[in-house]
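Visitor: What would the 3D arrangement of this be:
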Amino acid sequence: MATSPPYPTHPTGPAGGALRHAHWWQRKAVRYGALITLLTLSGLVILALVREQTGTEGFLVGLGLAVLPVPLLIAAFRWLDRVEPGPWRNLLFAFAWGACAAALIAIVANSFATRWIATATADPSSADTLGATVIAPVVEESAKAAAVLLVFLFRRRDFTGLVDGVVIAGVTATGFAFTENILYLGTAFGTDQITGGSGIASVTAATFFVRIIMSPFAHPLFTVLTGIGFGIAALSGDRRRLRRVLLPLSGLLLAMGMHAMWNGSSAFGPYGFFAVYGAIMVPAFGLLTWLVIWTRQRELRTVREELPAYAVAGWLTPGEPFALASMRARRLARQYARRRAGRQAAREVARYEAYATSLAFLRHRGRRGRAGADFVVRERELLGELWRRREIARPALDHAARATAPPVPVVAAPWPAHGSYGYPAQPAYQPSPAYPAGPYPAYNPYRS
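Guide: Below you'll find the predicted structure:
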């Protein structure tokens, strides 16, 4: 095994040896502190507003019921992101933004707009309808899209394609729906306390059925359209600036339109909600699910096609591209490392897999002329991360490659058989009733 990289690593120091001191507001600690402070203040304010509208008991009931779909949705989006998993801090930011900042913006802006329309038109009922079908979709989708935009701008290395846009948008919308469900369920519980409703016929049960059982994916579905726009824009080259602006805007407009149709479904008659749910929401959910899973398989194919070049150069072993292009092989590699060297080794193998996937995507963008100006620097960084973990990751991935290798059929030689070492050539095999012509299991050279 080689003990040094196939070629020297790129120097990590600044060009010319001059150190550039960033201003205080450009330091990571200052930015993180400002962001955490903003989200914390937003969370405290939204907590006070929701508790004021629902009461303490209603808030606790709403919180207990609203949290039920959150782990399932987060797990689903995390599963979609398993090929090139993004850092947890991005997901935590997205969820916190949706649950705190976006929810606060929506509550304040929707209330102000509805009151202004009611005062201007002297018709509170029409103001509520207009606010739900026009104002709320615009305000809420814009507030949620802000999180996707921030990750797209400031975490560009972690935002490389359609799946990343879907995951960030979906987690943001999950946080927003969580806070909104607390408000709706807490208010419904307060109504039941006043009217004496209980059981299946209660307002709380009806609200829980509609928002938690039937449509927990509603808000994520809307905002995912915005995420798809950003994801396709991330695949575009830096020179296509118009496309990088129009695609996210188009996705945002689609999200607003679907959200408006969902909110206005009650205006289509007594069965309008079920008609919109069955004719639009469910098919759209199925179509987007298929699109994301297809994109996930396409990402694995990209890994399989791009990494062999690095195996030829000596950075990877011949079996690694195959193993890294299979989710089953990746899992087996992590399990092998955990059995042999513990959990820390399994985590290192997982990081190795993530860096190798990022390297494949980077090379794919570079071959298509869509990589940024830092392509060479980023490539060297990723190769360096792989090289530092090779002692732990390579045995695990080679084991996984052998365990998941497809069977290789044995092909008969095109020349006639000849005897050797003085023994006559054996007659060709002839099928018989005792030994029919097959087929028989193919030979696998990786299995002993």
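
Visitor: In the protein, which helix is the longest?
Guide: Criterion DSSP state H: the longest helix present in the chain is helix 28-66.

Visitor: buried ones in it?
Guide: Across helix 28-66, burial judged by 16 or more other C-beta atoms under 10 Å covers 35, 39, 42-43, 45-47, 49-51, 54-55, 58-59, 61-63, 65-66. Just so you know, the C-beta spots here come from the backbone N, C-alpha and C atoms, and that holds for glycine as well.

Visitor: For Ser432, give me the pLDDT.
Guide: For Ser432, the model assigns a pLDDT of 47.

Visitor: Does the longest helix of the chain pack against any helices or strands, and if so which?
Guide: For helix 28-66, the elements it packs on are helix 88-96, helix 103-121, helix 162-195, helix 203-208, judged by 3 or more C-beta pairs under 8 Å, 6 or more residues apart in numbering; DSSP states H and E.

Visitor: helix or strand right after the second one?
Guide: Proceeding N to C from helix 103-121, the next assigned helix or strand is helix 124-130, under DSSP states H and E.

Visitor: Which elements pack onto that next one?
Guide: Contact partners of helix 124-130 among helices and strands, from 3+ C-beta pairs under 8 Å, 6+ apart: helix 103-121.

Visitor: measure Thr182 to Cys100 for me?
Guide: I think there's a mix-up here, since residue 182 is Ile and not Thr. The gap separating Ile182 from Cys100 is 12 Å, by C-beta to C-beta, to the nearest Å.

Visitor: Show me the shaky parts of this protein.
Guide: Within the chain, the stretches with pLDDT under 70 are 1-26, 122, 237-239, 269, 406-448.

Visitor: Restricting to C-alpha, output stretch 197-204 in CSV.
Guide: Provided in CSV are the C-alpha atoms of stretch 197-204 (Å, rounded to 0.1, in the frame of the first residue of the first chain):
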residue,chain,number,x,y,z
GLY,A,197,-66.7,18.9,23.2
SER,A,198,-64.9,15.6,23.7
GLY,A,199,-64.0,12.3,22.0
ILE,A,200,-64.1,11.8,18.2
ALA,A,201,-66.7,14.5,17.8
SER,A,202,-64.5,17.2,19.3
VAL,A,203,-62.8,20.0,17.4
THR,A,204,-59.4,18.8,18.6
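
Visitor: How far does that stretch sit from its chain's centre?
Guide: Centre-to-centre, stretch 197-204 and its host chain are 37 Å apart (C-alpha atoms, centre = their mean, to the nearest Å).

Visitor: what's next to it, contact-wise?
Guide: By C-beta atoms under 8 Å, 6 or more residues apart in numbering, the surrounding residues in contact with stretch 197-204 are Val61, Leu65, Leu185, Ala188, Phe189, Thr191, Asp192, Thr195, Ala205.

Visitor: Switch those residues over to JSON lines; also include distance to Arg301.
Guide: Formatted as JSON lines, the contacts of stretch 197-204 follow (distance: C-beta to C-beta, whole Å):
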{"residue": "Val61", "distance to Arg301": "48"}
{"residue": "Leu65", "distance to Arg301": "42"}
{"residue": "Leu185", "distance to Arg301": "43"}
{"residue": "Ala188", "distance to Arg301": "47"}
{"residue": "Phe189", "distance to Arg301": "49"}
{"residue": "Thr191", "distance to Arg301": "53"}
{"residue": "Asp192", "distance to Arg301": "53"}
{"residue": "Thr195", "distance to Arg301": "57"}
{"residue": "Ala205", "distance to Arg301": "47"}
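
Visitor: farthest-separated two in those?
Guide: In the contacts of stretch 197-204, the most distant members under the criterion C-beta to C-beta are Leu65 and Thr195, with 18.7 Å between them.

Visitor: and the gap between His364 and Leu92?
Guide: 28 Å.

Visitor: Neighbour count for those two, which is higher?
Guide: Shown here are His364 and Leu92; by other C-beta atoms under 10 Å, His364 has more neighbours (19 against 13).

Visitor: now the helices for the stretch 251-400 of the chain?
Guide: With helices called from DSSP state H, counting those that start in this stretch, the stretch 251-400 of the chain shows them at 272-276, 282-306, 308-313, 320-324, 327-341, 343-367, 375-388, 390-404.

Visitor: Out of these, which gets nearest to Phe222?
Guide: Among those, helix 282-306 comes nearest to Phe222, with 9.6 Å by C-beta to C-beta.

Visitor: buried residues in that closest one?
Guide: Neighbour counts over helix 282-306 (16+ other C-beta under 10 Å) mark Ala284, Phe285, Leu288, Val292, Thr295, Arg296, Glu299, Leu300, Thr302, Val303, Arg304, Glu306 as buried.

Visitor: so who does the residue nearest the centre of the chain touch?
Guide: Centroid-nearest residue in the chain: Val167, 2.9 Å away (criterion: C-alpha atoms, centre = their mean). By C-beta under 8 Å, 6+ apart, the residues touching Val167 are Phe77, Arg78, Leu80, Asp81, Gly86, Leu91, Gly227.

Visitor: From the contact counts, what lies against the helix or strand containing the first one?
Guide: In this structure, Phe77 sits in helix 70-80 according to DSSP H and E. Under the contact definition 3+ C-beta pairs under 8 Å, 6+ apart, helix 70-80 sits against helix 88-96, helix 162-195, helix 282-306.

Visitor: Can you add distance to Trp315 and give the ones you listed back as CSV?
Guide: Formatted as CSV, the helices and strands packed on helix 70-80 follow (distance: least, C-beta to C-beta, whole Å):
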stretch, distance to Trp315
helix 88-96, 27
helix 162-195, 25
helix 282-306, 12
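
Visitor: about what we covered before: may I see the helices of the stretch 251-400 of the chain organised as TSV, with distance to Ala255 added?
Guide: Shown next, in TSV, are the helices of the stretch 251-400 of the chain (distance: least, C-beta to C-beta, whole Å):
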stretch	distance to Ala255
helix 272-276	15
helix 282-306	11
helix 308-313	39
helix 320-324	34
helix 327-341	30
helix 343-367	26
helix 375-388	31
helix 390-404	39
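
Visitor: I'd guessed Glu320 sits against His399; true?
Guide: No: using C-beta atoms under 8 Å, Glu320 makes no contact with His399, being 11.3 Å away.

Visitor: more crowded one of those two?
Guide: Neighbour totals were compared for Glu320 and His399, and Glu320 leads with 27 against 20 (other C-beta under 10 Å).
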